[in-house]
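Q: Sequence plus the predicted model coming up.
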There are 2 protein chains.
Amino acid sequence: MPNSWAGYLAQRPRRVDFRRYHPGFRAGTLRRVREGITPAEALSCVLDETCVLGSEVVASRDAQGRILAEPVLSTRRLPPADNSAMDGYAVRRADLAAATPPRGVDLRVAFEVVAGGASDAVLSSGSAARIFTGAPLPPGADAVVRQEDALRDGDTVRIFVAPALRENVRNAGEDVEPGERVIEPGTRLGPAHLGFLASLGRSVVAVHQRPRVAVLSGGDELVEPDGDVAGGRIVSSNSYSIAAQCRELGADSVYLGIARDTPEDVERHLRAGLGSDVLVSSAGVSVGDRDYVRGALEKLGCRLLFWGVHMKPGYPLAFGRVEGEAGPLVFGLPGNPVSAMMTFEQFVRPALRKMAGFTALHRPLLRARLVEDLAKKAGRLNFVRVALERDGETWLARSTGSQSSGVLRSMILAQGILVFPAEATRLAAGDEVTVQVVDESVLARESPGF
Amino acid sequence: MPNSWAGYLAQRPRRVDFRRYHPGFRAGTLRRVREGITPAEALSCVLDETCVLGSEVVASRDAQGRILAEPVLSTRRLPPADNSAMDGYAVRRADLAAATPPRGVDLRVAFEVVAGGASDAVLSSGSAARIFTGAPLPPGADAVVRQEDALRDGDTVRIFVAPALRENVRNAGEDVEPGERVIEPGTRLGPAHLGFLASLGRSVVAVHQRPRVAVLSGGDELVEPDGDVAGGRIVSSNSYSIAAQCRELGADSVYLGIARDTPEDVERHLRAGLGSDVLVSSAGVSVGDRDYVRGALEKLGCRLLFWGVHMKPGYPLAFGRVEGEAGPLVFGLPGNPVSAMMTFEQFVRPALRKMAGFTALHRPLLRARLVEDLAKKAGRLNFVRVALERDGETWLARSTGSQSSGVLRSMILAQGILVFPAEATRLAAGDEVTVQVVDESVLARESPGF
């Protein structure tokens, strides 16, 4: 169905009076739909229209992977008191000046301090206190001797080393003091942050909202995966891959189902997505002359910003936004499975990451050596699906076979997307190329680095 | 509490008769606990004991991120029939031999084919069929002309190009034929795989089970995050960071709570974790002489395999396995927050990835330039927490401040872990170092590569 919109648009003159698309628009701000633009122009247009979402307060335990929207200040001193870093004996250094192996100094073990135990006992000269890791250093002590450097015999301990001042002592506040700013806004919350929030007793935290994406497909020929594919019907698989692409980057997707080819059903489905941050419409195939999506979007106040991007796969991409406060971004993705995934990858994904509060919006990039020749016509940037393989410290890239936009297998086998620039017509085996890493698990290693 | 176990062990002679730890063990298979081994030896021991988990059948929609445990064979021909790759006109090439711009050839538009529509009409000579992307190619047609290359006037279309054979036609089975093996076992299922499973109508798929990890902490001094920290009590934060580390890699964690310092409570808590694949015990602090974990583990049939790894942070790590069919691996992590996270990262994480079916078990590695001098004693491999920053194509690594194992902040600020080899004592600013990337979001880019 976006193809139907696209199909309609393709019939238009190259420059179009925007008023045709939005009759209510004021003449004084006449706008033109940009058509046939470069991927870089399209991306820039999309990101200009995309705002970082506001914050919400979630339980700290549920904040993993979210982007922090406030600074986290410590409310506690950690550790709360001077304490022992080792199991051993708390001592007064003055008593041990003469301790050198094999000669030791004998101290009386006056008391014991365990972690979490309250102890007001003061360590007096000639005494040691049995102490365990994390236990508070008793008043009077100024160092801890590891138990490996001591020999216990009943109430006496012989110590063989003269410790340095505060050796094996962790100082109160060494980790943080109250009021210190520990986690900055914009941080992606990982395991260490969750542990730290727990240690502060913070039950909730403000994070950026997750983008809500409404996913729609349309066409009388489409069925759900459990549907009957007799008579040329095909499964509406794009909505499944798009939902998975949303999930992968932490966005919530709502599936609006398959709109049938009537103006009423299309409008009803689109209207259900107006409360979302992003509306992604994907067609099974084009049905150009039965163009109900465009009409419905117009009726819902969608302003079209561009149509057609000089890339392959994925030329027939449409982008706009529903006007008014909190109107969703609207992406009309092409219907071919590979084109739909590729245009999502290049334009929807960065927009969703921006909304979620990320600053680095794009995939890891690497330089790889191409292992075969590739050729194309000049004019469109090609996104070539490639398998990646490590050869020592070099990456090798090989295309995943037929690059037809109907061949989902090219995407199934791909770990990367090779950027074949618009004006280039040939890449030779051995050339160094730029690859976007879409399956980041390919970066995992078989060795730990030690 | 693992430190109590560790504390106990540290008092033993350097080589210990295993029978002390497992009195029921047969004398003929006398085993010794390995003590004070290198990180590489410890990792190798852990992975030798770790088996890949069996498979389970899950709904295809829920299989994202899971590792496929069976080959996926196509049950359908995709596309099911020859179809059009474009909106345009299905034609017979023989009719268009003379078509060259500006001279066109006029054809009668005999009928229309839409995607999903059934059409048995045969295209006869001198005719064209209006066709839309994805619609089946009518019998008689051997190419499709794009609508941009044609001019429609009522029932006639003037065509300006002579297409190549099957130009703009997608062949039936171009993507897959029935019986073709499309996704290999061991593949991590991503969006393209889920889309493909949908297009086959596959509702379920066999994947490797997710490891189930039981997480336990212990000590009278520990409280939950909402607990009262007066009187030297501290929050049991390790269980929160460990649960998050499990979640990050797709393992399920079950929190067994805080065991109190009585033999009964410790045994009760440990017993609750026996049905898991991995039992991770973490202590708030050491309470060496109140060693109930060791006794309880013995009672539950745990065979200790090593204790103590020459690394910093994280020396006092214990590893064993409960004997018998499906007995869990047991990790006794040190109690310091940084040591607990680091030993999980280096040993528990690779084991869980192996269980889940991954072949590359370790983090991405990169070579970075150190921006400061670092020094340590020889003997222990140090895992230095570093912040990573890009400088053109070079990575810069800078330590995150105090590397004390009590300073969780060093972990909060870290994107990487620098491997400072055991025998090295000094690294200088400008040196090239190996860094494990623990916050993989640092690899994301601010440019898309085009």
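A: Received the coordinates, thanks. Numbers count the residues shown, from 1 in each chain, chains lettered A, B, ... in the order given.
Q: from here on, contacts and neighbour counts on C-alpha atoms
A: Noted.
Q: so residue A:54 makes contact with residue A:209?
A: Yes. Between residue A:54 and residue A:209 a contact is recorded at 6.0 Å, counting by C-alpha atoms under 8 Å.
Q: Counting neighbours, go ahead and name the busier of the two.
A: A direct count of neighbours by other C-alpha atoms under 10 Å in any protein chain shown for residue A:54 and residue A:209 places residue A:209 higher, at 21 against 14.
Q: can you tell me which residues contact the more buried one?
A: A:53, A:54, A:55, A:56, A:355, A:356 (C-alpha atoms under 8 Å, 6 or more residues apart in numbering or on different chains).
Q: change it to 10 Å
A: A:52-58, A:66-69, A:251, A:355-357 (C-alpha atoms under 10 Å, 6 or more residues apart in numbering or on different chains).
Q: for residue A:190, same thing?
A: With C-alpha under 10 Å, 6+ apart, residue A:190 has these contacts: A:63, A:64, A:65, A:66, A:67, B:241, B:244, B:245, B:248, B:412, B:438, B:439.
Q: Spatially, which residue comes closest to residue A:52, not counting chain neighbours?
A: Among residues not flanking residue A:52 along the chain, residue A:355 sits closest, at 4.0 Å (C-alpha to C-alpha, 6 or more residues apart in numbering or on different chains).
Q: how about the one you found, secondary structure?
A: helix (DSSP: H, G, I helix; E, B strand; the rest coil).
Q: Report how many residues lie close to it.
A: Residue A:355, neighbours per other C-alpha under 10 Å, totals 24.
Q: That one reaches residue A:54, doesn't it?
A: Yes. Assessed by C-alpha atoms under 10 Å, residue A:355 is found in contact with residue A:54 at 8.6 Å.
Q: which residues are common contacts for the two?
A: A:208, A:209, A:210.
Q: For the first one, list each beta-bridge partner.
A: Pointing back at residue A:208 there. Counting by DSSP bridges, residue A:208 is bridged to residue A:55.
Q: next helix or strand past the helix or strand where residue A:270 lies?
A: Here residue A:270 sits within helix A:263-272, counting by DSSP states H and E. Heading C-terminal from helix A:263-272, the first helix or strand you meet, by DSSP H and E, is strand A:278-283.
Q: next one: that following strand to chain centre, how far?
A: Strand A:278-283 sits 21 Å away from the centroid of its parent chain (C-alpha atoms, centre = their mean, to the nearest Å).
Q: Tell me the strands beside that strand, with direction?
A: strand A:212-218 (parallel), strand A:329-333 (parallel).
Q: In CSV, list the ones you listed along with mean neighbour count.
A: Listed next are those as CSV, based on neighbours: other C-alpha atoms under 10 Å in any protein chain shown:
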stretch, mean neighbour count
strand A:212-218, 27
strand A:329-333, 27
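Q: ok, back up a step: which parts of the helix holding residue A:270 are buried?
A: A:263, A:265, A:266, A:267, A:269, A:270 (16 or more other C-alpha atoms under 10 Å in any protein chain shown).
Q: Report the entries of the residues you listed that also contact chain B.
A: Contacts with chain B within the buried residues of helix A:263-272, counted by C-alpha under 10 Å from any C-alpha of the partner chain: none were found.
Q: joint contacts of residue A:54 and residue A:209?
A: A:69, A:355, A:356, A:357.
Q: Can you identify each of the helices in the stretch 301-450 of chain A by residue range?
A: Applying DSSP state H, counting those that start in this stretch to the stretch 301-450 of chain A gives helices spanning A:337-343, A:349-356, A:409-412.
Q: Name the stretch among these that sits most buried.
A: helix A:337-343 (a mean of 27; mean count of other C-alpha atoms under 10 Å in any protein chain shown).
Q: Now do that helix, average pLDDT.
A: Taken as a whole, helix A:337-343 has an average pLDDT of 94.
Q: got it, and stretch A:375-388?
A: 97.
Q: Okay, now the unreliable bits of chain A?
A: When residues are selected by pLDDT under 70, those of chain A lie in A:1-32, A:117-119, A:284-291.
Q: What are the neighbouring residues in contact with the residue sitting nearest the centre point of it?
A: Central residue of chain A (C-alpha atoms, centre = their mean): residue A:249, 5.0 Å from the mean position. Each residue near residue A:249 by C-alpha under 10 Å, 6+ apart is listed here: A:65, A:210, A:211, A:349, A:350, A:352, A:353, A:356.
Q: Adding distance to chain B, write those residues out as TSV.
A: Formatted as TSV, these follow (distance: C-alpha to the nearest C-alpha, whole Å):
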residue	distance to chain B
A:65	9
A:210	17
A:211	18
A:349	11
A:350	9
A:352	14
A:353	11
A:356	14
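Q: Closest one of those to residue B:275?
A: residue A:65 (28.8 Å; C-alpha to C-alpha).
Q: Please, which helix or strand holds the closest one?
A: Judged by DSSP H and E, residue A:65 forms part of no helix or strand.
Q: Could you pull up the contacting residues of it?
A: A:187, A:188, A:189, A:190, A:191, A:207, A:249, A:250, B:244, B:248, B:441.
Q: List the beta-bridge partners for the residue of chain A most remote from its centre.
A: The C-alpha centroid of chain A is most remote from residue A:103, which lies 59.5 Å away (C-alpha atoms, centre = their mean). Note on residue A:103: beta-bridge partners by DSSP bridges are residue A:100.
Q: List buried members of the contacts of residue A:190 by neighbour count.
A: Here, 16+ other C-alpha under 10 Å leaves A:63, A:64, A:65, A:66, A:67, B:241, B:244, B:245, B:412, B:438, B:439 buried among the contacts of residue A:190.
Q: on that earlier part again, can you tell me how far the residue nearest to the centre of chain A is from chain B?
A: In this structure, residue A:249 and chain B are 11 Å apart, going by C-alpha to the nearest C-alpha, to the nearest Å.
Q: ditto for residue A:227
A: Applying C-alpha to the nearest C-alpha to residue A:227 and chain B gives a distance of 8 Å.
Q: One more: residue A:405?
A: 9 Å.
Q: just residue A:80 next, same as before
A: 7 Å.
Q: would you say that residue is within a strand?
A: No. Applying three-state DSSP, one finds residue A:80 to be coil, outside a strand.
Q: What sits closest to it if chain neighbours are left out?
A: residue A:172 (5.4 Å).
Q: okay, now that neighbour: neighbour count?
A: 16.
Q: Go ahead and confirm it touches residue A:135.
A: No. Contact criterion C-alpha under 10 Å: residue A:172 and residue A:135 do not qualify, at 11.8 Å.
Q: Find residues that contact each of the two.
A: A:81, A:82, A:83.
Q: could these be laid out in a markdown table, adding neighbour count?
A: Shown next, in a markdown table, are those (neighbours: other C-alpha under 10 Å):
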| residue | neighbour count |
| --- | --- |
| A:81 | 17 |
| A:82 | 20 |
| A:83 | 24 |
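Q: can you tell if the lengthiest strand in chain A touches chain B?
A: If you go by DSSP state E, chain A has its longest strand at strand A:381-391. Yes. Strand A:381-391 is in contact with chain B by C-alpha under 10 Å from any C-alpha, via residue A:381.
Q: Okay, buried residues for that strand please.
A: Buried residues in strand A:381-391 (16+ other C-alpha under 10 Å): A:381, A:382, A:383, A:384, A:385, A:386, A:387, A:388, A:389.
Q: show me the contacts for residue A:359.
A: A:52, A:186, A:187, A:350, A:353, B:444, B:445, B:446.
Q: Likewise for residue A:400?
A: Per C-alpha under 10 Å, 6+ apart, neighbours of residue A:400: A:384-388, A:409-416.
Q: again, only using 7 Å
A: By C-alpha atoms under 7 Å, 6 or more residues apart in numbering or on different chains, the contact list for residue A:400 reads A:385, A:386, A:387, A:410, A:413, A:414.
Q: For these, name the two members farthest from one another.
A: The widest separation within these (C-alpha to C-alpha) is 9.3 Å, between A:387 and A:410.
Q: Report how many residues lie close to the nearest residue to residue A:395 once chain neighbours are set aside.
A: Excluding its sequence neighbours, the residue lying closest to residue A:395 (C-alpha to C-alpha, 6+ apart) is residue A:368, at 4.6 Å. By other C-alpha under 10 Å, the residues close to residue A:368 number 21.
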